[in-house]
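Visitor: Following is a predicted model, sequence given first.
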Amino acid sequence: MFSNNKKTIGVIIEAVSLAFPNLLCQGIIPAARKLDYNVAFFSAYGRYGDREDYFKGDCKIYDLAPYEDLDGVILLLDTIQDAGSIQYIIEQVRTRCHCPVVSIREKVDGVNNFLIDNTLCMEKMVRHFIEDHHFTKLAFMTGPQDRWYARERLDCFLHVMKEYNLPVDEHQIFYGDFWTNKGHDACEWFLSGETQPEAIICANDYMAISVVSELIQRGYRVPQDICVSGYDGLKETLHFSPSISTLTLPFKKMGEQAVHVIHEKQTSPDDTQNYMFDVELVSRESCGCQQINDQEVISSRCDYYEETVATHNRRVQFSFLSIQLGECNQFDEIGKHLASFASNITGYRDYCICLNENLEEQEDFSDYTDTMELRIGIRKEKHMGNLRIPFDRKELLPAEMTSNSPQSWYFTPLHFGSKTFGYEAVQFWNPEVTANLFHDWTTIVCTKIQDVLNQHKMHVLIDELQYMYNRDALTGLYSRRGFNSHAAVILKKAKEQNKNVFFAIVDMDGMKQINDTYGHVAGDHALTTISAAIQFACKDVFIGARTGGDEFVVLANGISEDEGLACLNDIKSALDTFNNNDRKPYKIHASFGHVCHVPAPEDTVETFMKESDEIMYKNKVENKRRRNEPLR
């Protein structure tokens, strides 16, 4: 994998740019490099809105992982919102992996689990409010009821409250979503009880931030009126005002340790165990234990300001990127613009787009192809030019994008709705800026790929229409319209070069008799037989056309009359072969008339056609007389 013969650890994750996954990645990459492992992160962006087709396309990235060939797998299942996706990933790992597997914060049977003791993890915060703040009215916002660790955190809260003989009624418990969508509903529930809570303890930081925001909007002061705490120790808890008291998890350490466990169990992947990690209580402004001028908070908010400015700059850059890409019609043009904008995004070292093989000709967009194609490549911030490099999908990337040193690549899906185009791959300069993947960027890229595919399809349709416009539907030869267009160019060139024009009319004999006697299907067969003979004979400089019902023409520039007559003899021979070998109840004949000379300045296509037609008619009369056929 990665063409460097090193072992590779696969990391299955969602929303990798969020704080918790990002910190884990910062622990995984350095540890893997020290032990000479590659790392491949397979990250979806997650469910947005109610577009089920988009979600299906996003989740295709989990099919990209070559599970059988991985030497280790790290699962971050609690970053994945969809229960069906979680079950699918677990099934893939169980049936296809033959390597050590580590699941972080989500217990999975039969693998190594890195867990926090949720039966004890909330104790420190609950005891802090009871013993240090002397509160007796505590509320608890837990996660979804179907998450086992949400239930255990709630049980921990209830256990400590019972230990101190503190009552808990129904309005002191609320089931949230581990995200920021339930702050309003939670506050509405807590504040509608008989007594106002002195503190609201949240089972994660995102919910704590949403609760503080809602309380402030309702006119409450935090922590003076109500204290709030979270859990996870995310960076956002320092940025927020007031800074959130929280329980921190050793995310980087967990990432490092996961790599070491995989390395130690290479020869015994079935030897699994559970590893427990402890949390640390961090008291900040939201519980009244930290002053607003605390240096850590000040530094964090300065960093946050700089990140806000950088975010604004990225949005402006992405707007201009979208405008620039609007001018692109080919994939190599897209690469030039992406290279110029990627240099403005902190941390990108290498970037590439790998698309399904022959994507422009694809009709089935449901999956990745076995052979992928590198279509856009940026190495060390330099555009690699126009590319179309095929490679085995299991390798993830072609050798042109990798090196002999340990690789750490992030793979994200490229799709439009449920249509699977391929994937992006990004490698960063260092772990500190790693995992900064931007959904806006990827969305712009996906939209442009769809636009290029639409343009390609439109050009194909235009070419087909142009073909149909210039071609006879029955025979495939040029129609009169197509012939006139080409003949005018040939005639002009002959005049300029003072060269011969050979012009011949080929008129089918007895067309009416075949139609009247054997039907129009037989008549069509006769016409296609003549057209096949013309196509057989008209090679190189000759062109053939059907200019009327049973009338055909042959045209060439710069040949002698003998060369032209040889072409007509080939047509006659082809018809003789048909008549001798085919058992049709009718024979197929044609009459010919030709002229060959250098065109005069006043000559036109019609001039040559009239001259040839007069000769052809004389020959037709003679042919009918010879075959004892009535003149039509």
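Guide: Thanks, I have it.
Visitor: Tell me the secondary structure at R349.
Guide: Here R349 is recorded as strand under DSSP: H, G, I helix; E, B strand; the rest coil.
Visitor: change the start of the numbering to 356 and stick with it
Guide: Done: numbering now begins at 356, and the last item shifts to R704.
Visitor: what residues are up against it?
Guide: 735-736, 782-784 (CB atoms under 8 Å, 6 or more residues apart in numbering). For glycine as for every other residue, the C-beta is placed from the backbone atoms N, C-alpha and C.
Visitor: Same question for Y833.
Guide: Y833 is in contact with 825-827, 841, 898-901, counting by CB under 8 Å, 6+ apart.
Visitor: got it, and F771?
Guide: Residues counted as contacts of F771 (CB under 8 Å, 6+ apart) are 412, 801-802, 804-805.
Visitor: Need the per-residue pLDDT for Q805.
Guide: What the model reports as pLDDT for Q805 is 89.
Visitor: That one and K812, how far apart?
Guide: Distance from Q805 to K812, counting by CB to CB, to the nearest Å: 10 Å.
Visitor: and what of G382?
Guide: Separation of G382 from K812 (CB to CB) stands at 46 Å.
Visitor: If the most centrally placed residue in the chain is in a bridge, with which residues?
Guide: The chain has L769 as the residue nearest its centroid, 1.5 Å off, counting by CA atoms, centre = their mean. On the basis of DSSP bridges, L769 is bridged to G777.
Visitor: quick one, helices of the stretch 556-705 of the chain?
Guide: In the stretch 556-705 of the chain, the segments counted as helices under DSSP state H, counting those that start in this stretch are 560-572, 591-594, 606-619, 650-680, 686-697.
Visitor: Could you list the alpha-carbon positions for stretch 869-876 in PDB?
Guide: C-alpha atoms of stretch 869-876 as PDB (Å, rounded to 0.1, in the frame of the first residue of the first chain):
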ATOM      1  CA  ILE A 869     -38.400  -3.700 -55.600                       C
ATOM      2  CA  ASN A 870     -40.600  -1.600 -53.300                       C
ATOM      3  CA  ASP A 871     -43.700  -2.400 -55.300                       C
ATOM      4  CA  THR A 872     -43.000  -6.100 -55.500                       C
ATOM      5  CA  TYR A 873     -41.200  -7.000 -52.300                       C
ATOM      6  CA  GLY A 874     -42.000  -4.100 -50.000                       C
ATOM      7  CA  HIS A 875     -40.200  -1.200 -48.500                       C
ATOM      8  CA  VAL A 876     -38.100  -3.400 -46.100                       C
END
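Visitor: show me what contacts A900?
Guide: 827, 832-835, 837-838, 907-908, 910.
Visitor: got it, and Q579?
Guide: Counting by CB under 8 Å, 6+ apart, Q579 has contacts G643.
Visitor: Distance-wise, check it relative to I926.
Guide: Distance of Q579 to I926, computed by CB to CB: 101 Å.
Visitor: Same check on N473?
Guide: Separation of N473 from I926 (CB to CB) stands at 88 Å.
Visitor: More neighbours: which of those two?
Guide: Applying other CB atoms under 10 Å to N473 and I926 shows that I926 carries more neighbours, namely 24 against 21.
Visitor: Show me what the host helix or strand of the more buried one packs onto, helices and strands only.
Guide: Counting by DSSP states H and E, the element that carries I926 is helix 916-936. Counting contacts by 3 or more CB pairs under 8 Å, 6 or more residues apart in numbering; DSSP states H and E, helix 916-936 is packed against strand 856-864, helix 875-892, strand 906-912, strand 944-952.
Visitor: out of these, which comes closest to I459?
Guide: Nearest to I459 among those is helix 875-892; the distance by CB to CB comes to 67.7 Å.
Visitor: which residues are in contact with that closest one?
Guide: 827, 829-832, 861, 863, 866, 869-870, 899, 901, 905, 907, 909, 922-923, 925-926, 929-930, 933, 939, 941, 943, 945.
Visitor: Let me see the mean pLDDT of whichever helix or strand comes after that helix.
Guide: Later in the chain than helix 875-892, the nearest helix or strand by DSSP H and E is strand 898-901. For strand 898-901, mean pLDDT rounds to 92.
Visitor: Restricting to C-alpha, output strand 898-901 in CSV.
Guide: The C-alpha trace of strand 898-901 is given here as CSV (Å, rounded to 0.1, in the frame of the first residue of the first chain):
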residue,chain,number,x,y,z
ILE,A,898,-16.2,10.5,-49.5
GLY,A,899,-19.6,9.0,-50.2
ALA,A,900,-23.1,10.3,-49.6
ARG,A,901,-26.8,9.6,-50.1
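Visitor: which residues does Q527 contact?
Guide: Q527 makes contact with 492-495, 545, 548, 552, according to CB under 8 Å, 6+ apart.
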